[in-house]
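J.: have a look; sequence and predicted model below, questions after that.
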Amino acid sequence: MEFYKKTIHGHDIQVVDYPGEKGPIIMIHGLTGSHKYMHFYAEKLKGEYRILSVDLRGRGNSAKISSESTIFQHAEDILELIRTLKLDHPILLGHSMGAFISSIVASKLNNVKAVILLDGAAKMSEHQRAIVQPALGRLSKKYSAKESYLKEIQQIYSMLGVTWNETLEEIAEYEVERVSDHWENKSSASGILADFESFQNYVPKEVCSKISCPVLLVYAKGEIGSLPPLFYQKDYEDTQAYTKNIQMEISDCNHYTMVFENREDINGYIEGFLKKIDS
């Protein structure tokens, strides 16, 4: 496993590169995530496939973002990263915001081999805002100690139906840093909110109709703690209707346990899909 940064559009992008015989698979995390959110999928597929897991701009150890950031700008970063690394026929695997970005990239690049969408690239509504925005409060807070941040995020995840574990602790530690006399999340609250607002400009018909490669969509139907699923199945009707070659699978996990747990059902869907496109 190799850690390096590539300068893309004048900004550093952190890449974690796992060696493998086949590939490459580019893994793209969700709204407030980092490459570490894709841990279980990277661990499952590395070795067989070359895995490149990124910190999108404004997350982890990548460059900062402005308050005008959008998912479409992130897609341009991934397109340029593919060109810079000379990646041939990449597979894109994205969760949540990463799924939106993956579909946009595939709509603009005709040599993408396949796309795996983990609960994203759906039609948006006010329903998602009510679930997502309360969890963004931690991004603008200052904490007296790293442990204070870890305690709060553990409480947040508990409310989202996620069981705290060692991997989650590593994820949380990676996304926080010491600034002067306090600790804070590495991300800009205004930049993250701008990215989230840009979801509203995603039109499945416009994007998905331009994707020519095979697509696997995995829908997380589970409730998020006491809240409903982030997306309803009907939110994917346009994505399914306008994607030429799409396979949809349904998991009983929720939007967050989809990446914070080692999901054997989803691993199976992905392995079956990859075997089919490899053959």
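T.: That came through fine.

J.: where along the stretch 101-250 of the chain do the helices fall?
T.: 126-132, 146-159, 166-174, 189-198, 204-208, 237-242 (DSSP state H, counting those that start in this stretch).

J.: and the fifth one, average pLDDT?
T.: What it means is helix 204-208. When pLDDT is averaged along helix 204-208, the result is 98.

J.: now do the contacts for the residue nearest to the spatial centre of the chain.
T.: Nearest residue to the geometric centre of the chain (CA atoms, centre = their mean): residue 29, 2.1 Å. Contacts for residue 29 (CB atoms under 8 Å, 6 or more residues apart in numbering) come out as 35-38, 53-56, 59, 94-98, 259. Yep, even glycine has a C-beta here, placed from its N, CA and C like the rest.

J.: hmm, try it at 6 Å
T.: With contacts defined as CB atoms under 6 Å, 6 or more residues apart in numbering, the neighbours of residue 29 are 37, 38, 98.

J.: what about the closest residue to it other than its chain neighbours, distance to residue 96?
T.: In space, and not counting its chain neighbours, residue 29 is closest to residue 37: 4.2 Å by CB to CB, 6 or more residues apart in numbering. The gap separating residue 37 from residue 96 is 9 Å, by CB to CB, to the nearest Å.

J.: state the distance from the nearest residue to residue 222 once chain neighbours are set aside to residue 159.
T.: Counting by CB to CB, 6+ apart, residue 222 lies nearest to residue 254, which is 3.7 Å off, once chain neighbours are set aside. In this view, residue 254 and residue 159 are 12 Å apart by CB to CB.

J.: need phi/psi at the residue nearest to the centre of the chain.
T.: Main-chain dihedrals, residue 29, degrees, to the nearest 10: phi -80, psi -180.

J.: cool, and residue 23?
T.: The phi/psi pair for residue 23 (degrees, to the nearest 10) reads phi 120, psi -160.

J.: got TSV for the helices of the stretch 101-250 of the chain, with distance to residue 116 and mean neighbour count too?
T.: Putting these into TSV (distance: least, CB to CB, whole Å; neighbours: other CB atoms under 10 Å) gives the following:
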stretch	distance to residue 116	mean neighbour count
helix 126-132	21	15
helix 146-159	24	16
helix 166-174	20	16
helix 189-198	21	19
helix 204-208	14	19
helix 237-242	13	17
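
J.: report pLDDT for the residue nearest to residue 29.
T.: 98.

J.: for it, which three-state class applies?
T.: On the three-state scheme (DSSP: H, G, I helix; E, B strand; the rest coil), residue 37 is labelled helix.

J.: on that earlier part again, how much space separates the residue nearest to residue 222 from residue 135?
T.: Taking CB to CB, one finds residue 254 at 13 Å from residue 135.

J.: these two: which is more packed in?
T.: With neighbours defined as other CB atoms under 10 Å, residue 254 and residue 135 compare such that residue 254 has more, 23 against 17.

J.: so where's the chain uncertain?
T.: Filtered on pLDDT under 70, the chain yields no residues whatsoever.

J.: ok, now how distant is residue 255 from residue 95?
T.: In terms of CB to CB, residue 255 sits 9 Å off from residue 95.

J.: what's across from the residue lying closest to residue 93 once chain neighbours are set aside in the sheet?
T.: Residue nearest to residue 93 in three dimensions, not counting chain neighbours: residue 116, with 4.2 Å by CB to CB, 6+ apart. According to DSSP bridges, the residues that bridge with residue 116 are residue 93, residue 216.

J.: so which residue of this structure lies furthest out from the middle?
T.: Of all residues in the chain (CA atoms, centre = their mean), residue 181 lies farthest out, 31.2 Å.

J.: quick check: phi and psi at it.
T.: phi -100, psi 20.
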